[in-house]
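K.L.:
predicted structure and sequence below. I'll ask about it afterward.
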Amino acid sequence: MAKLASANREAKTRSSVKQLRNSGQVPAVVYGYQVENTSVSVDEVEFIKVIREVGRNGVIDLDLNGETTKVMVYDYQFDSLKNQITHIDFVAINMKTEVTVDVTIEITGEAVGVNEGGIVEQPIFEVEVTATPDNIPETLVVDVSDLGIGDTLYVSDIRTTGNFTIENEDDEALVTVVPPQKEEELDDEESEESAEESAEETEEESSQE
């Protein structure tokens, strides 16, 4: 299990938070099972390494006040402009208590329907899974190799005897192979779009008059 060090964070002013981030630390908060809300900071580089190791829903051994606390990442904020993690929420957990989290659907294989001109569509990219923390799968792999045009894989098709429960409904579609669009259909869609654009332009000209 991955380990991550933390330091208590007393000052919570805007300037102190900015200083933390500039020094490569990320302000964070820890709460949950047998833990009072505690403000801490963790090293950003080390946090990224840990997440890559255990996955988004993995369990982390967080060094909190000199004691090891098992936590999961509840949420974190990322500033895309600065390419920087700006805040993390850690939730302390009881390893014997089930939690419900979002698990990513990972598609593998090439559907036979694609060779016939079909297109693979994925309506959803995550499902809700309930399990004890040590039984949460990192991803759920869906093999689409046998799917032909018009075939669909549903949640019911990936229910397993594993130590977790998928909360989504059985008839929820995960992956489907749809037939290719005919040229006439594409032409009709383009004509409809052109008609809509023309109507919008006419309305704008009328309003200007």
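P.N.:
Arrived safely, thanks for sending.
K.L.:
what is the helix or strand containing residue 130 packed up against?
P.N.:
Using DSSP states H and E, residue 130 sits within strand 126-131. Strand 126-131 sits against strand 99-108, strand 165-166, with contacts defined as 3 or more Cβ pairs under 8 Å, 6 or more residues apart in numbering; DSSP states H and E. For every residue, glycine as well, the C-beta is placed using N, CA and C.
K.L.:
neighbouring strands of the first one in the sheet, and parallel or not?
P.N.:
Yep, that's strand 99-108 we're talking about. strand 126-131 (antiparallel), strand 139-143 (parallel) (DSSP bridges).
K.L.:
among these, which comes closest to residue 114?
P.N.:
strand 139-143 (13.7 Å; Cβ to Cβ).
K.L.:
buried set for that closest one?
P.N.:
Using 16 or more other Cβ atoms under 10 Å as the test for burial, strand 139-143 gives 140, 142.
K.L.:
for this structure, give me the ranges with low pLDDT.
P.N.:
Within the chain, the stretches with pLDDT under 70 are 1, 11, 161, 182-209.
K.L.:
buried residues in the strand holding residue 130?
P.N.:
127, 129, 131.
K.L.:
now those as TSV including distance to residue 67?
P.N.:
Shown next, in TSV, are the buried residues of strand 126-131 (distance: Cβ to Cβ, whole Å):
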residue	distance to residue 67
127	34
129	29
131	25
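K.L.:
so which of the residues you listed comes closest to residue 153?
P.N.:
Residue 153 lies nearest to residue 127 out of the buried residues of strand 126-131, by Cβ to Cβ, at 12.0 Å.
K.L.:
skipping its backbone neighbours, what lies nearest the closest one in space?
P.N.:
Spatial nearest neighbour of residue 127, chain neighbours left out: residue 168 (4.8 Å); criterion: Cβ to Cβ, 6 or more residues apart in numbering.
K.L.:
number of nearby residues for that neighbour?
P.N.:
For residue 168, the count of nearby residues is 17 (other Cβ atoms under 10 Å).
K.L.:
residue contacts, it?
P.N.:
124, 127-128, 155 (Cβ atoms under 8 Å, 6 or more residues apart in numbering).
K.L.:
tell me if it really is in a helix.
P.N.:
No: going by DSSP: H, G, I helix; E, B strand; the rest coil, the assignment for residue 168 is coil, not a helix.
K.L.:
list phi and psi for it.
P.N.:
phi -70, psi 160 (degrees, to the nearest 10).
K.L.:
and it, how far is that from residue 178?
P.N.:
21 Å (Cβ to Cβ, to the nearest Å).
K.L.:
now swap in residue 150 and tell me
P.N.:
In this view, residue 150 and residue 178 are 8 Å apart by Cβ to Cβ.
K.L.:
hey, where'd the strands end up in this protein?
P.N.:
Using DSSP state E, the strands of the chain run over 2-5, 7-8, 25-32, 35-43, 60-64, 67-79, 84-92, 99-108, 119-121, 126-131, 139-143, 152-154, 165-166, 173-178.
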